[in-house]
Structure formats: structure tokens, C-alpha cells
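Participant: Mind looking at a prediction? Sequence and model below.
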Amino acid sequence: MGSALRVLLPVVALGVGTWVGLGRPDTLARLAATSRAVASARVPPLPLAPTLPSWVSTTPFARSADDDGGTHATDLESPWPRLNPQGRTDTAWLLAEGPYHPPEDGRRLVTFTFDDGPFPETIEPLLRTLERHQVVATFFLIGRYLEGPSAHAEEARRCARQIALAGHHVGNHALDHKLLTTLPHAAAAEQIDRSAAAISQATGQSVFLFRPPYGATDPWLEGAIRERQLELVLWSVDAEDMKRSDPGEIATTIEQQLDYEHGGVVLLHDVHWPSVKAVERVLHWLEQSRWDSQHPERPGWQIVDLAEYMRATAESPQPFASRDALESSRRDAGAHRNAVAVLSRSRPME
Ligand SMILES: [Zn+2]
């Protein structure tokens, strides 16, 4: 898959309606970021590369004295590794694929991210589901919802606080969900900074996780991310949930992609009811095949928060220079498996 497919242009504007009267920005066009063909079968473990890439830095995020966030449950007990200090987009796509697991390690990590909220209508059921399954997710919030004295903004701020108090991570998804790469630089910078301030004020947390709308970046934006010491967080599993109204279909697509990729960062939108319903099903599905530390070689799922996902990725980085190289290795592994299957089927009876 070419990187062009991931550097997005919004082509389909899905009206999600007016969000409790706020009026969502008309730039809220939805786009499938990574519409990838998904093989339904498991792919054998990837070959071990002789050397590991050099891009992982284990320098933790510097956190200033005033951003300890008070008593919030989401305060980080240990520092997040700084995996991509250069703010590089290709590195961020590869990091989203998670850690490399050698063949004898069956652990498959999954972490959940929810974009475009906070959304008062769905947040409580979603938080209940996550709590029931003891899942810590990451919410990339739109700053505009949290600004101003209106009742809607107050409600949105309450939601944001609720997310943080429930122990989830919050990240910045820009002020208005505009395609930042089309804006003058000053305006794009304002989209990042005002949103971060609004999220920080609402949740009491410093906001260093950043996901640009549509995953779209350019060299200027990478520089802005670097200057601000933000962590660019993209995703690896995209069910194109905003285009689907059937929770079962969303869940099945996520499950197939997770199977194919051996885990990943799941992208969902908590503003979309079918997605919220799909979460419950996916969590059940994952829990049916949990990874068992007593039998670490057996493939199984482990649902982790983004910090743990990043730490595991720092400890065992993918031995590939890019996500495309990883994908092509997966395809080769799949082709090899298919060839072996054909050979064994065509062997004459003895
Ligand atoms: Zn978004």
C-alpha cells in the first residue's frame, strides 16, 4: 500500500449532523485513512531481521513541574518513552503497528483510541463498557467543543473530565477538525495550541499526544509537532467505522485486521453509536483468546493502554524501516504460506 493512501484528502463528507446544536465544522469530512485489503487468515510470524532500526529513543517525555495534573487518575506512574522525537509521519505509522514479536512470543497487543469527541450522548455507555472490561483507552478530543461559556461547552468539559477521571488518556485532535495541511501556518498552529489549552484546562492534564485530523501531515506540521515535543499518534486498525452503520460489520472488520496484523492501534469514533456498540463485541472476541503468560508462545490478545503499547514497542521495535516494508513482508509471508498449502494439497496420494 502506498503512503499516498494514508496522506489523506477528505473526499467524503459524512454529515454527522449538528452536535447538540454546536454545529460541527463543515470540514468534518470523513475519510478512510487506511483502506487496506484484509486477509482473513493468520500470517506466520515475520522473519527476524539481523539489526534493529535506530529510530527508537528511550528518552522519556520531559514533564514540567506544573503539569502533574493534580489528583487525576490518569497521572502517569511511569514516563512514556519518546519514540518519535522528530515527529516523523512514516515513523509514526510504523510505531502504530506496535512491537515486533519473535516467533516464540505469542503476545498480541491491542490498544483502543477514540476520536472526535467528547460526545455526551455516547460517553457514559462507552465508559461503562471500557470499565467493565478494565480497558484504558485514549481519547483524541476536539478542542472547540470545550471552549466558551455555553451549556454545550460546559457539558463537553464535564465529559472530558469524566474521561480523564475514569483513567483514560486524552490527546489533542485539533481545534476544529480542519485539515491542518491546507491552513496558513499561523492558523494551523492555533488549531494545535488552542485545542491543547482547552483540553488541558478541562482535564487538568498536560496534552502531549497528538493526532492530526485525517492523519494528514506535511513537513511544516512535523516541525510543529517536534517543536512542541508532541507524540504523533496514528493508528494501524481502521474499520472505517464512520462509513458503517452495522456494529457487527465494524467489529468483524476490526477483528480481521487485528488477526492479520497481530494486534494494533484501533481507530474508532465515539461520536458514532454503531462504533460504541461494536466495542463491546470486539472486547468479548479479544477476551476469548487472551494471551496467557504461562504459555507465552501461544498466540493470544492482551489489551493494553497506549503507554504500555508504546513501552512494548520501544522494547521490541519492528525490524523494518517503514510500514510499507512491514506490509510487504506480511504479503510475502502470506504468499509463502499459500504456496506451502498448495504444494501439500497437490502431493499425490501414497
Ligand atoms: Zn477525526
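Facilitator: Structure's in. What do you need?

Participant: Would you mind listing what in the stretch 101-250 of the chain touches the ion?
Facilitator: Proximity of the stretch 101-250 of the chain to the ion (Cβ under 5 Å from the ion) is limited to residues 115-116, 213. Yep, even glycine has a C-beta here, placed from its N, CA and C like the rest.

Participant: just for this protein, where's the confidence low?
Facilitator: 1-79, 335-350 (pLDDT under 70).

Participant: Which stretches in it count as strands?
Facilitator: 107-117, 138-141, 169-172, 209-210, 231-232, 237-238, 264-269, 300-303 (DSSP state E).

Participant: Within its sheet, name the partner strands of the longest one and how each one runs.
Facilitator: Okay, so that is strand 107-117. Strand 107-117 sits in its sheet next to strand 138-141 (parallel), strand 264-269 (parallel), strand 300-303 (parallel), going by DSSP bridges.

Participant: And whatever residue of the stretch 251-350 of the chain ends up closest to the ion, how close does it get to residue 276?
Facilitator: Here the stretch 251-350 of the chain gets closest to the ion at one residue, residue 269, 6.8 Å apart by Cβ to the ion. From residue 269 over to residue 276 the distance is 9 Å, taken as Cβ to Cβ, to the nearest Å.

Participant: The two: which is more packed in?
Facilitator: residue 276 (23 against 20; other Cβ atoms under 10 Å).

Participant: my guess is the more buried one meets residue 126, correct?
Facilitator: Yes. Taking Cβ atoms under 8 Å as the definition, residue 276 is a contact partner of residue 126 at 4.9 Å.

Participant: Now do the shared contacts for those two.
Facilitator: residue 270 (Cβ atoms under 8 Å, 6 or more residues apart in numbering).

Participant: which residues in this protein form helices?
Facilitator: Taking DSSP state H as the criterion, the chain carries its helices at 89-95, 120-132, 151-165, 185-203, 219-227, 247-261, 273-288, 306-315, 323-346.

Participant: Select, out of the strands paired with strand 107-117, the one closest to residue 228.
Facilitator: strand 138-141 (15.5 Å; Cβ to Cβ).

Participant: CA atoms only: put that closest one into PDB for me.
Facilitator: Taking Å, rounded to 0.1, in the frame of the first residue of the first chain, the C-alpha atoms of strand 138-141 are listed here in PDB:
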ATOM      1  CA  THR A 138      -7.100   7.100  24.600                       C
ATOM      2  CA  PHE A 139      -9.500   9.800  23.500                       C
ATOM      3  CA  PHE A 140      -8.400  12.400  20.900                       C
ATOM      4  CA  LEU A 141     -10.600  15.300  21.700                       C
END
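
Participant: What lies in contact with that strand?
Facilitator: Residues outside strand 138-141 that contact it (Cβ under 8 Å, 6+ apart): 111-118, 160, 163, 168-173, 195, 199, 209, 211, 233, 270, 305-306.

Participant: Show the buried residues in those residues.
Facilitator: 111-118, 160, 163, 168-173, 195, 199, 209, 211, 233, 270, 305-306 (16 or more other Cβ atoms under 10 Å).

Participant: Now for residue 109, how many residues are close by?
Facilitator: Residue 109: 20 neighbours (other Cβ under 10 Å).

Participant: on that earlier part again, so can I have CSV of the strands of the chain showing distance to residue 321?
Facilitator: Shown next, in CSV, are those (distance: least, Cβ to Cβ, whole Å):
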stretch, distance to residue 321
strand 107-117, 21
strand 138-141, 26
strand 169-172, 26
strand 209-210, 23
strand 231-232, 18
strand 237-238, 22
strand 264-269, 19
strand 300-303, 26
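
Participant: Count the neighbours of the spatially closest residue to residue 95 that is not a sequence neighbour for me.
Facilitator: The shortest distance from residue 95 to any non-neighbouring residue, by Cβ to Cβ, 6 or more residues apart in numbering, is to residue 83 (5.4 Å). Counted by other Cβ under 10 Å, the residues lying close to residue 83 total 22.

Participant: I figured residue 83 was touching residue 313, is that so?
Facilitator: Yes. If you go by Cβ under 8 Å, residue 83 and residue 313 touch, sitting 6.4 Å apart.

Participant: thinking again about what came up before, just want to check the distance between the residue of the stretch 251-350 of the chain closest to the ion and residue 147.
Facilitator: 21 Å.

Participant: Then residue 124?
Facilitator: For residue 124 relative to residue 147 (Cβ to Cβ), the value is 22 Å.

Participant: more crowded one of the two?
Facilitator: residue 147 (17 against 11).

Participant: Please report how far the residue lying closest to that one once chain neighbours are set aside lies from residue 330.
Facilitator: Nearest non-adjacent residue to residue 147, counting by Cβ to Cβ, 6+ apart: residue 198, 5.1 Å away. According to Cβ to Cβ, residue 198 and residue 330 sit 40 Å apart.

Participant: between these two, who's got more neighbours?
Facilitator: Between residue 198 and residue 330, residue 198 has the larger neighbour count (other Cβ under 10 Å), namely 25 against 18.

Participant: Pull the contacting residues for that one.
Facilitator: So residue 198 contacts 143-144, 146-147, 175 (Cβ under 8 Å, 6+ apart).

Participant: Quickly name whichever of the residues of the stretch 101-250 of the chain next to the ion is closest to residue 296.
Facilitator: residue 115 (32.7 Å).

Participant: Perfect, I'm done here.
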